[in-house]
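Undergrad: Predicted structure and sequence below. I'll ask about it afterward.
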Amino acid sequence: MAYISFQPQDYFNTKLYSGSGSTTTLTGVGFQPDWTWIKRRNSSINHKIYDAVRTAGKSISSNNTAAEITNDAEGYLSAFTSDGFTVQAGTTSDEYVNQTGGTYVSWNWLANGQGSANSDGSINTTYTSANTTSGFSIVKYTGTGTNATVGHGLGVAPSMIITKSLVATQEWCVGMDALGWDKLLFLNETSASQSGSTYWQSTAPTNQVFSVGTAGPTNSSSAMIAYCFAEKTGFSKFGSYTGNGNADGAFVYTGFKPAFILIRSVSTTNWNMFDNKRSAFNVADETFWSNSTNSEANVGTSYGIDILSNGFKAKTVSSQVNNNNTVHIFMAFAEAPLVGSNNVPATAR
């Protein structure tokens, strides 16, 4: 059984909140986050992603290719605090993160503050913020447009990497062991997976570096950000499963009770985002798409999932999460390990 000696909520937590229309410090995350992803639940509007490496106030959106925005006029995260973050009123409205009447979800991860430069690769990073306990790092580097390597600071090879240019208009590039490093997906698109050696050089990451090619989404000649994830037993899982196309859907063993799950078919479909706070009971049917501005959708059994003590299970015939004979990739983080440090097993919902 999956056992870990730390508490998952000390490294990942979902925080729900309501907008106030004025500068507000939100607490209850449980730690000072280094990566915060915010989406308004009751409006069709951009996702907003912040991290401590780029510093508070600077956002990028998973649903588009736009460059980084500083202190957005429609509101922004202005500080990371010891137990959460501060949302700042905008000059034109507060819609993105803090509008009166707005309901919001934030997903929060702990790395290691702003970090420091890393010289393990052929590109010296500006900052590498690495948490080796939870297997998560944030890496800022300046791309060269030529084949190169970049230090991730995790000490073990990451299983999944997401990159984005902060200046050029480029896609969000996703590489995974589960895809094979000669393939990729775009986080902001519904297009099927594609092959290409110009993204990751068809080379799996090592315990020190990941490889980038000549393609803009991984190595534009501009400031780049990378989010790197190494699998940690009982806390995180990055993998794939094959859908069976029926209501008694595929079961995926993670070794923990998930708190957050991102699922995507390798064929043409959306990136489906589930968590244990918006959907407190099974079926988990409150979802977003990272590639879309859509407001939160209650999908019921159309493409919901059950979150279980040791994994998750599709409860639908939908191509979104259970397309017949189709590979689906996923990333998942724990609410509780199957067995924790107190020897108490996780329970089903």
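TA: In hand now; what should we look at? Numbering: from 1, shown residues only.

Undergrad: The helix or strand of the chain with the lowest mean pLDDT pairs with which strands, and in what direction?
TA: The helix or strand of the chain with the poorest confidence is strand 297-298; it has a mean of 78 (mean pLDDT, DSSP states H and E). If you go by DSSP bridges, strand 297-298 pairs up with strand 286-289 (antiparallel).

Undergrad: now the strands: where do they sit in the stretch 51-200 of the chain?
TA: 58-59, 69-70, 76-81, 84-88, 103-109, 127-131, 136-142, 148-151, 160-165, 173-176, 183-186, 194-195 (DSSP state E, counting those that start in this stretch).

Undergrad: Out of those strands, which gets nearest to residue 260?
TA: strand 103-109 (6.1 Å; C-beta to C-beta). For glycine as for every other residue, the C-beta is placed from the backbone atoms N, C-alpha and C.

Undergrad: As TSV, the strands of the stretch 51-200 of the chain with mean pLDDT and mean neighbour count would be great.
TA: As requested, those are arranged in TSV below (pLDDT from 0 to 100; neighbours: other C-beta atoms under 10 Å):
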stretch	mean pLDDT	mean neighbour count
strand 58-59	98	22
strand 69-70	97	14
strand 76-81	98	20
strand 84-88	97	23
strand 103-109	98	21
strand 127-131	98	24
strand 136-142	98	25
strand 148-151	98	23
strand 160-165	98	26
strand 173-176	98	26
strand 183-186	98	21
strand 194-195	95	12
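
Undergrad: List just the one of those that sits closest to residue 120.
TA: Of all the strands of the stretch 51-200 of the chain, strand 148-151 sits nearest to residue 120, with 3.1 Å by C-beta to C-beta.

Undergrad: Does anything pack onto the closest one? Which helices or strands?
TA: When contacts are defined as 3 or more C-beta pairs under 8 Å, 6 or more residues apart in numbering; DSSP states H and E, strand 148-151 sits against strand 136-142, strand 209-212.

Undergrad: Hmm, residue 257 and residue 336 touching each other?
TA: Yes. Applying C-beta atoms under 8 Å as the test, residue 336 and residue 257 come out as touching, 4.7 Å apart.

Undergrad: per-domain residue ranges of the chain.
TA: By the assignment in automatic domain parsing, the chain contains the domains 8-109, 127-229, 236-337.

Undergrad: Mind putting the ones you listed into CSV with distance to residue 118?
TA: Formatted as CSV, these follow (distance: least, C-beta to C-beta, whole Å):
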stretch, distance to residue 118
domain 8-109, 12
domain 127-229, 4
domain 236-337, 21
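
Undergrad: Show me the one of these that comes nearest residue 116.
TA: domain 127-229 (6.4 Å).
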